Every structure is written in C-alpha cells, then in structure tokens.
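Enquirer: Model the following, please.
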Amino acid sequence: MLLSSKTMPVTPTLPSLDVAPLLERDPYLGPHQGEIKRRFKNFQDLLSEMEAKEGGLENFALGHKTFGPQVDPDGSIRWVEWAPAATSLHLTGEFNSWDRSSHPFRQVEYGRWELVLPSMEGKTAIKHGEKVKVLVNGDDRVSPWASYVIQPAKDRQHEEGVAYCQHFWNPPAQDAYVMRHPRPARPASLRVYECHVGISSWEGKVNTYKDFTATVLPRIVKLGYNTVQLMAVMEHAYYGSFGYQVTSFFAPSSRYGTPDDLKALVDTAHSLGLTVLLDVVHSHASKNVVDGLNMWDGSEAGYFHAGERGTHPLWDSRLFNYTLWETLRFLLSNLRLWIEDFGFDGFRFDGVTSMLYHSRGLSGFSGNYTEYFGLNTDTEAVVYLMLANELVKKLLPDQGITVAEDVSGMPALCRPVTEGGTGFDYRLSMAVPDMWIKYLKEVEDDDWSMGHIVHTLANRRWGEKCIGYAESHDQCLVGDKTIAFWLMDKEMYTGMSSLYPMNPVVSRGMSLHKMIRLLVHGLSGEGYLNFMGNEFGHPEWLDFPRVGNGESYHYARRQWNLADDQNLLYRYLNQFDSAMNHLESAHGWLASEPGYVSTKHEDDKVIVFERAGLVFCFNFHPSRSLPDYRIGVEVGGEYQIVLDTDWAELGGHGSRDRQATSHTDSSSKGYNGRRTEMMVYLPARTGAVWRRVGDTSM
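Expert: Sure, this is the predicted structure:
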C-alpha cells in the first residue's frame, strides 16, 4: 500500500558541514580541515544515533523526566536509576521509617534499575520534603538526578552526619511557582553582571535567593547591565569551592533557598529585562562519594573515565567520559532542565580549556595550530560541546547564549557547528585581567606599554566574539586582590572620604580604576563582564568560611553600604560604571565592528581609537597633560565629550570644559590612518569619549 505524503515517516535532516567560510576567514586552517571534518562527522553520527534510538537530540535530553523519582498522574512514583556496576539498589527514607531492605529496585536492561511506589489513596507514598536515600550495594547515596538536597542542621550532624541528603521535591500544584514573565530578547550588546547569591549580602551570612531578588537585581538594572550570570547555583557540598566542585547537578543550592525561590529570581530578572545565564560546570565533578556522583554505582567509572584519565591532576576532581551514552544523556538533560524548568537563557561553560585537551591545558599554548588539531585534543569533549551548543540553539532559537571559559585560543570555538566550529557565541578574554594585574603588581606607571596594552585588548580571532573584562571573581579570591585594592591598598580604609581632598594614592587609584574599565569596555570585546561589587572598587578579597579563618563570613560578603554612602568616594566609581553602561546602551559599541586604534604613543602614554562613531581618548601619563593634542578621526565634524573619567560628579577633578567642542580640520589630508584630524585636550590620567554632534569643520 502506498503511503500519502502526510503519513510518510519523516527523516530529520542532519546538520551539514560547509567549511568554506571558515577557511576563507582563516586560510591557516586549511591543513587541518581533515580533522575539522572528522570531528563534525563524529558529531553527525551521534545525532543520527540519537535520532534512531531516542527520537532526536531534544528527546535524548529529557533524562530528568525519566530518571530519578517521577510522579505519575495517579500519584504513583516511578524511580529509575542507571547504575551498571551495582549489584543491588534499595530506597530508604522517612516514608518507610528508614527500612533499608523493604524497597528494592528491580534490575532491568541497559544498566538500569527501577522501583515503583504505588500511590496511597491517590497521594504519593513519599511526602513532599521527606528525606530519602538510595542504597547502592548497601551504601548510602544521593540520586544523581536529585532535585533538592540539604545538609543536616549543625545540631543534627552528630547523629545524621555532614553529607547532604536528598529531599523529595514535589510541592502541591497550588503551591508550586509558575513562571509569569517572558524571556527578554537576546541583547545585541552583552553587558554581564557576574554574581554569587551567597555572598551578595552586606551581612556576614549566606544570603538567599529571595533577598538577592529583592535587593540586588534592582542594583544591576540601575547600573545598566542587561545580563546576570549566576555562579555557584548547582549544588556543591563545599561552600568554599565557589560552586566549582558540584555534587548534585540537577539541584539548585539549598543553602540559598528552595528551587521555587530560584525560579522566582529568574522570573523577576526577566520582568526587569535581564537575561540570565548559569555558570554551568560540565568539565568535572566533586570527588564526594556519599553526596556526590563519584563511585555512584560502586565502581570507579560510572559517568567518568576510570584510571588516571578520570581524575584532574590539579583540581583533584572526577572527569567525565564523554563517549558514554548515559554521560551524554546526563549532561545534556542537565542543560535542558536549567533552561526549561528554571528559565535560564544560556550558560557560561566553566573549565572549557580543561575539557578540550588531554593535558587539561596545563602545558600552555604557543598558538601553533597543531596544538589544537593534534593528538592532545580531546575530540570526545569537543563533540560533546558541539552537541551542547546545538541543543541550546534548538531549545532557545535566537535567544540562547553560550560562553566558553577558554584560555587556549582554540580556533573556531565561537563559530557555528555547521561551519566546522564548536558553536559557542562568546569566549572570555582571559588574558586581559591577567595583564592588568601584572601591570599593577610589577610595572611602574612610567613604563606601561601602550602598544602591549592595545595588543592584549584587541588580540582576538576575527569573527569570534569575546567578552572583555578587567577583573572577574578569579582576581578577587584570597591570595590575590581586586584592581582597586592593588591601586589603593591600605588607603581604602582611611582615604576614601569625600569630605576631604583625595591624597595622591587615592587620586591615582580612582583615575586608573575608571580608565581601565572604560578602555576594556570600549576595546576588548563584543561583550563586557564585571563581578559584583568590583564596579565600585570593593576593597579586600573574597574568602569563604573555613577552619583557617575561623569560619568567618567577613570576606564572604558584598559591602553595598560603601557605594551607598554619600560621604565616601566609592559612590563615584559606582556612578561612573552606570554612566559607562548606559552610554554603551545608547550607542551599542559592543555590537559594532572592533575599534580602530589610530594612536598608541609610548612617550605620551596615549591611546586613541574609534568605535560605533565614538572617539575614545586615554592619557595614561602620570603627570603630563597634553593640550591641543592632534588625533585622527574618520568622519569630519564637531565633537563633544559625552563621558569623562575626570568629571567631578564621577570622582574626578573637572579639568576639562564639558561644554567645549572640538572641530575637525577641513584642510587635513588625514592623520594616523584616518581621513581627518582634530585637536583635543588630554589631561594626565584621564579617559574620555567624544560624540559627533555637528557637521561643521574648521
């Protein structure tokens, strides 16, 4: 019998590769196109296999709807686990008075185990919030798919221990949080505010999702950021790991509140027009056994590589085996859960360099392309990242954002998968903050190299977007200092009053803090990132409660009161950050072509570049002001300053007449590679942005 076109089975079209645009952009990739094609073929083969066996990539990434406890419409609970090396699984908890043998799982195919708990008068056998444990070969474990885990209260730890325990999360329908607000449109210019909920209070405590929603989100909006990046959300037993030693991948950290509290946070952010990214950790996992993924089924392998390849030599954590079907399902389903259940709009993938190479990136990189396409590259991890990016694009077409934390410079990391790339939208410009810290620690102001600074800020692969930043959480951790603290050190305790004239150390620090940020914002990428509190020069460093500091929260907080105090200079740095972001919002330089640098003068310590029709000028000289300084400009006309690091209301000295305009020279034959020129005043240690306000040349 012939089938009509309506009943014919549809064979999905797999993505196809067209490497020509990539090779046109970078001909040096030509000798490596065979490896690029091989990677894509591996990616394509996996998609084909997922289609044949699971109904496609998106269905494959629904593991969280199959594994762990699932409540059926009749109230029964169907609990499935993958534990191929286990010999027995049992469920115990408050629901059965902690009987360790009454509820055995039944072993089924493909390494799976299944248990069905019939409903009791239409209600689930396990009540919402009750404690449960999976016994694997008789040992206490937390389900890899647990959605809510809590550490026993300190007054109960002598009886229950310190390991986290799963709590059955199944709130009544009338009590469950329902997302109310649509996702905002994807920002053309990404201005990212990197946050840690736990340290977001000025008080010495672990802050909550609720308080962050009420008090921090409005600050972010006021500062002009359009994207929130949340770190340390995936559950981690060790608070001091900054969230990078994940123990429960599907559970938002309970130390800040409930899963519904997190949903409300994301939903509120969306109502404020904020895009929300999750700092996702799929590069490794905590070594914890009782409340982690390690040794889950009693074997060294499970979701990980066995042997030496399964342990990170520096982080002392477990490394995923990206060739395993169930590992891929686990990680891809994890992404889908955070997108669909919690409303996240994308991800910052942590530890990408470690994933990309068998050496974990510890051997360094010279830039030779054989380092990226040779035997040291972990193809399986590359293909997983291609799948992850493909999934995000499918689930959030035209909205999803993925960012790679990669220091290696892997070519095509931020090009489409169908072009031979890995599919990320952005990579972090990780060399930039390292450069600034090196300059502040080791180089005298007179010896700063304008050429080196410009090269570091502008050195990125053409057509691959980067997020620039002066500092992130990495530079704030104990053992290092924030830029503000490197600049002003002890003067931050005694010299930040606005009631008295600034001393020389504070004056220098305030000026350079603003100049560095404006230069990075304007030149170093297609996105900009700031870690919470650093915008106003947060003093000191970050250090989580631990035995070594007497379990103190003093350095695990954000002192918003400093920025709010009208008698302190911190407020000026805060106001400058807001003015800078709002100016970018009005002119969109992050979404425009990279800046054209026309001046990088070593003796004068001057940097000049144009971007999005604006002219950025910086004089880093410690003492020499430069009146009537000639600069090149592409478009003739009249220009006026629209942002100045030296404005008095931004903590400056007000040395420039803000009403004065500069006119280009109508007789100019061009200057420094630009079509015309004009004269500007560049006071020492200042940066400013000029906007064209008229057509008149002089």
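Enquirer: Pull out the buried positions in stretch 200-213.
Expert: 200-201, 206-213 (16 or more other C-beta atoms under 10 Å). For the C-beta atoms, the positions are set from N, CA and C on the backbone; glycine is no exception.
Enquirer: One more: stretch 189-202?
Expert: Using 16+ other C-beta under 10 Å as the test for burial, stretch 189-202 gives 189-201.
Enquirer: start to end distance for that stretch?
Expert: Distance between the boundary residues of stretch 189-202 (C-alpha to C-alpha, to the nearest Å) amounts to 30 Å.
Enquirer: how about the nearest residue to Ala237 once chain neighbours are set aside, what does it touch?
Expert: With sequence-adjacent residues excluded and distances taken as C-beta to C-beta, 6 or more residues apart in numbering, Ala237 is closest to Thr247, at 4.7 Å. By C-beta atoms under 8 Å, 6 or more residues apart in numbering, the residues touching Thr247 are 142, 149, 164, 235-237, 285-286, 288, 291-293.
Enquirer: Distance to Gly224, neighbour count and secondary structure for the residues you listed - can I get that in CSV?
Expert: As requested, the contacts of Thr247 are arranged in CSV below (distance: C-beta to C-beta, whole Å; neighbours: other C-beta atoms under 10 Å; DSSP: H, G, I helix; E, B strand; the rest coil):
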residue, distance to Gly224, neighbour count, secondary structure
Val142, 41, 26, coil
Val149, 37, 24, strand
Tyr164, 38, 25, coil
Glu235, 32, 27, strand
His236, 31, 25, coil
Ala237, 36, 22, coil
Ala285, 36, 25, strand
Ser286, 36, 24, coil
Asn288, 40, 22, coil
Asp291, 40, 24, coil
Gly292, 39, 26, coil
Leu293, 39, 23, coil
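Enquirer: which one of these is nearest Ala684?
Expert: Nearest to Ala684 among these: His236, at 46.5 Å, using C-beta to C-beta.
Enquirer: what's the distance between Thr494 and Pro594?
Expert: Counting by C-beta to C-beta, to the nearest Å, the gap from Thr494 to Pro594 is 42 Å.
Enquirer: higher neighbour count, the two?
Expert: Applying other C-beta atoms under 10 Å to Thr494 and Pro594 shows that Pro594 carries more neighbours, namely 17 against 9.
Enquirer: Give the closest residue to the more buried one in space, chain neighbours not counted.
Expert: Leaving aside its sequence neighbours, Pro594 sits nearest to Ala458 (C-beta to C-beta, 6+ apart; 6.7 Å).
Enquirer: likewise Glu526?
Expert: Spatial nearest neighbour of Glu526, chain neighbours left out: Lys465 (4.0 Å); criterion: C-beta to C-beta, 6+ apart.
Enquirer: Around that neighbour, how many other residues sit close by?
Expert: For Lys465, the count of nearby residues is 19 (other C-beta under 10 Å).
Enquirer: what residues are up against it?
Expert: Counting by C-beta under 8 Å, 6+ apart, Lys465 makes contact with 414, 425-427, 525-527.
Enquirer: give me the number of residues near Trp296?
Expert: For Trp296, the neighbour count with other C-beta under 10 Å is 23.
Enquirer: pretty sure it belongs to a strand, no?
Expert: No: the assignment for Trp296 (DSSP: H, G, I helix; E, B strand; the rest coil) gives coil, which keeps it out of a strand.
Enquirer: ok, Arg255 - contacts?
Expert: Arg255 makes contact with 151, 198, 206, 239 under the criterion C-beta under 8 Å, 6+ apart.
Enquirer: any idea which of the buried residues of stretch 200-213 is closest to Phe304?
Expert: The closest of those, once distances to Phe304 are taken by C-beta to C-beta, is Val206, at 29.7 Å.
Enquirer: measure the closest one to Tyr357 for me?
Expert: Between Val206 and Tyr357 the computed distance is 35 Å (C-beta to C-beta).
Enquirer: just checking, Trp486 touches Lys441?
Expert: Yes: shown here, Trp486 and Lys441 form a contact pair, counting by C-beta atoms under 8 Å, at 6.6 Å.
Enquirer: Verify the assumption that Leu91 is located in a strand.
Expert: Yes: per three-state DSSP, Leu91 lies within a strand segment.
Enquirer: ok, it - contacts?
Expert: By C-beta under 8 Å, 6+ apart, the contact list for Leu91 reads 79, 103, 105, 115, 117, 132-135.
Enquirer: Can you tell me which of the residues you listed end up in strands?
Expert: The strands in this structure, assigned by DSSP state E, contain 79, 115, 117, 132-135 from those.
Enquirer: Show me which of these is closest to Thr258.
Expert: Minimum distance to Thr258 across the ones in strands among the contacts of Leu91 is 16.8 Å, recorded for Val132 (C-beta to C-beta).
Enquirer: Mind pulling up the pLDDT for that closest one?
Expert: Turning to Val132, the model gives it a pLDDT of 98.
Enquirer: Please name the residues that touch it.
Expert: Residues in contact with Val132, defined by C-beta under 8 Å, 6+ apart, are 69, 91-95, 126, 165-168.
Enquirer: Okay, it and Val162: tell me how far apart.
Expert: Using C-beta to C-beta, we find Val132 at a distance of 18 Å from Val162.
Enquirer: least trustworthy helix or strand in the chain by mean pLDDT?
Expert: Every helix and strand of the chain was ranked by mean pLDDT, DSSP states H and E. The lowest is helix 157-160, at a mean of 91.
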